[in-house]
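*Asks:* fold the following.
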Amino acid sequence: MSENPAKLSLSNFLASEGRDPLQAPPSFTRWMQAGAWAVELYEPELLATADARTTITYNGKPRSVINLCSYNYLGLANHPEVIAAAHAALTTHGLGACGSPMLSGMTDLHRELERKIAKFLGREDAILFNSGFGGALGTISGLLRKTDVAVLDNRSHLSLRDGATLSRCRSEKFEHNDPASLEASLGRHKGKRQLVVIEGIYSMDGDFGNLEALIAVAESHGASVFIDEAHSTLACGEHGRGAAEKFGVEDRLPMTYGTFSKAFGALGGFVAGSKETLQYLRFYAHPYVYSCALPAVVVAAILKALEIGTSQPELRTKLWENADYFHQQLRGLGIDTGSSTTYVMPIVIGDRERMYRLGHELRSRGLWVAPVDYPAVPQDRICFRACVTAMHTRADLDEALNILEDTLVPGLVAQNA
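*Replies:* Numbering: from 1, shown residues only. Model (predicted):
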């Protein structure tokens, strides 16, 4: 490989190499070998629960770390009542669903969760998916057709973009959170059915969708709007109904998509909306029709997480207090967190090699943050992603800040000198 490995990224290995499609490209294998020190930061082995402090394997040994990697925003993944509900369902319903929802995987617990999610969000009905990615992909691809146009924010999650691709519709992008750019995109396809796809909280940038302005533009063009509330459901809004609740636009969005893998502390996804539309999706969302249903043990845990998350708003209050504190302290240190205003925050490094070197240093000192490389983020925004939860104590956050200051700030000072 003639190029410097640090200058390459996953986007460089999409062309076919060799004659066997079942073989990895040889150049990719050489790149992975050359960058093994960086690859070590991915797929770490978690040796305990997803607590604010946990244990992972690092350099072949158990390492106690402050956990800023987890989506366990409200601490429900390891809540005693949630665990107890899962244990009870394991006894009554067994382990796996052993069938798709259409044929044999549906249980009374699934139906109960559908009803309660729909009621929680003020919708007529809800569908459950066994993965968040598959649910978003299945919903978009199940609703759109070849003659339609999907208009997506250019920071949209890959599941949403893949859903549009699978539907074989025309895809348009608009600049992140930019109403004027959306206006231009919609104007290029007048007369077509158009679906504007936005998110409550963007998973890499940690900022809110510009909901009011973007919905107003869509409405002026007669376009429908689809919102992905994966990172905001249960953790945002007065009652936990997400960013749409926070910004007062719920009645302008006929459908809500979300996941159970973030604030609910489990796995899976859901879409809530009208009975007629969801009845259609039950037959046309392929990941629903052709995949095994969520295990009932997981559904029971989600039901309990929903109960706790809606009855204990103090968990959301603590989450946002921690997020605001961490943001304020990071800004005081001169650390770039982009446009984030939420509990998801990028710590922008901007240089691949430096990011991986610092990643090892942070992990060796007991701070676990996620390295995020291009093409998941732009080249100049390569970063660590930190997720603050309600379970972090002030001592946890202060220790994390001390480690970040010792590790990152000297380099920032040198860069600005």
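*Asks:* every contact and neighbour count from this point should use C-alpha atoms.
*Replies:* Noted.
*Asks:* what is the neighbour count of Gly35?
*Replies:* By other Cα atoms under 10 Å, 15 other residues sit near Gly35.
*Asks:* ok, now which ones touch it?
*Replies:* When contacts are counted by Cα atoms under 8 Å, 6 or more residues apart in numbering, Gly35 touches 5-6.
*Asks:* so where do the strands sit in the protein?
*Replies:* Applying DSSP state E to the chain gives strands spanning 53-58, 61-67, 125-129, 149-153, 170-174, 194-199, 224-228, 256-259, 269-273, 344-348, 367-368, 370-372, 383-387.
*Asks:* ends of stretch 267-279, how far apart?
*Replies:* Taking Cα to Cα, to the nearest Å, the first and last residues of stretch 267-279 lie 23 Å apart.
*Asks:* which residues sit against it?
*Replies:* With contact meaning Cα under 8 Å, 6+ apart, stretch 267-279 is reached by 117-118, 121, 123-136, 139, 254-261, 294, 298.
*Asks:* just the buried members of those residues?
*Replies:* If you count burial by 16 or more other Cα atoms under 10 Å, the buried members of the contacts of stretch 267-279 come out as 117-118, 121, 123-136, 139, 255-261, 294, 298.
*Asks:* select, out of the strands of the chain, the one closest to Ile308.
*Replies:* Minimum separation from Ile308 across the strands of the chain (Cα to Cα) falls at strand 256-259, 16.5 Å.
*Asks:* helices or strands next to the closest one in the packing?
*Replies:* The elements that strand 256-259 packs onto, with contact taken as 3 or more Cα pairs under 8 Å, 6 or more residues apart in numbering; DSSP states H and E, are helix 132-143, strand 224-228, strand 269-273.
*Asks:* related to what we said a few turns ago, can I get the strands of the chain in TSV including mean pLDDT and distance to Arg241?
*Replies:* Output for the strands of the chain, formatted as TSV (pLDDT from 0 to 100; distance: least, Cα to Cα, whole Å):
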stretch	mean pLDDT	distance to Arg241
strand 53-58	97	28
strand 61-67	97	26
strand 125-129	98	14
strand 149-153	98	22
strand 170-174	97	26
strand 194-199	98	13
strand 224-228	98	12
strand 256-259	98	10
strand 269-273	98	12
strand 344-348	97	18
strand 367-368	98	29
strand 370-372	94	27
strand 383-387	97	20
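*Asks:* redo those strands as CSV? Include distance to Ala400.
*Replies:* Converted to CSV, the strands of the chain look like this (distance: least, Cα to Cα, whole Å):
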stretch, distance to Ala400
strand 53-58, 11
strand 61-67, 7
strand 125-129, 35
strand 149-153, 32
strand 170-174, 36
strand 194-199, 29
strand 224-228, 30
strand 256-259, 28
strand 269-273, 31
strand 344-348, 13
strand 367-368, 6
strand 370-372, 14
strand 383-387, 10
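*Asks:* comparing those, which comes out most buried?
*Replies:* Mean neighbour count, computed with mean count of other Cα atoms under 10 Å, is highest for strand 367-368 among the strands of the chain, reaching a mean of 27.
*Asks:* by contact count, what packs against that one?
*Replies:* The helices and strands touching strand 367-368, judged by 3+ Cα pairs under 8 Å, 6+ apart, are strand 61-67.
*Asks:* neighbouring contacts of the strand it packs on?
*Replies:* Under Cα under 8 Å, 6+ apart, the answer for strand 61-67 is 47, 50-57, 363, 366-369, 396, 400.
*Asks:* and it, which strands flank it?
*Replies:* Taking DSSP bridges as the criterion, strand 61-67 forms sheet pairs with strand 53-58 (antiparallel), strand 367-368 (parallel).
*Asks:* out of those, nearest to Thr147?
*Replies:* Between Thr147 and the strands paired with strand 61-67, the tightest spacing by Cα to Cα is seen for strand 367-368, at 45.6 Å.
*Asks:* doesn't His286 make contact with Ser100?
*Replies:* No: assessed by Cα atoms under 8 Å, Ser100 is found out of contact with His286, at 10.8 Å.
*Asks:* what domains does the record give for this protein?
*Replies:* Using automatic domain parsing, the domain ranges for the chain come out as 40-69+314-412, 79-311.
*Asks:* okay, which residue is most central for the protein?
*Replies:* In the chain, the residue lying closest to the centroid (Cα atoms, centre = their mean) is Ser203, at 4.9 Å.
*Asks:* state the distance from it to Arg155.
*Replies:* For Ser203, the distance to Arg155 (Cα to Cα) stands at 9 Å.
*Asks:* what do you get for Arg357?
*Replies:* For Arg357, the distance to Arg155 - Cα to Cα - is 26 Å.
*Asks:* what's the answer for Gly209, then?
*Replies:* Distance of Gly209 to Arg155, computed by Cα to Cα: 10 Å.
*Asks:* ok, now Ala48?
*Replies:* 32 Å.
*Asks:* who's more crowded, these two?
*Replies:* Counted by other Cα under 10 Å, Ala48 and Arg155 do not tie: Arg155 has more neighbours, with 21 against 11.
*Asks:* need the helices and strands packed on strand 256-259 in a markdown table (columns: distance to Arg193).
*Replies:* Shown next, in a markdown table, are these (distance: least, Cα to Cα, whole Å):
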| stretch | distance to Arg193 |
| --- | --- |
| helix 132-143 | 11 |
| strand 224-228 | 8 |
| strand 269-273 | 19 |
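*Asks:* understood, closing this out.
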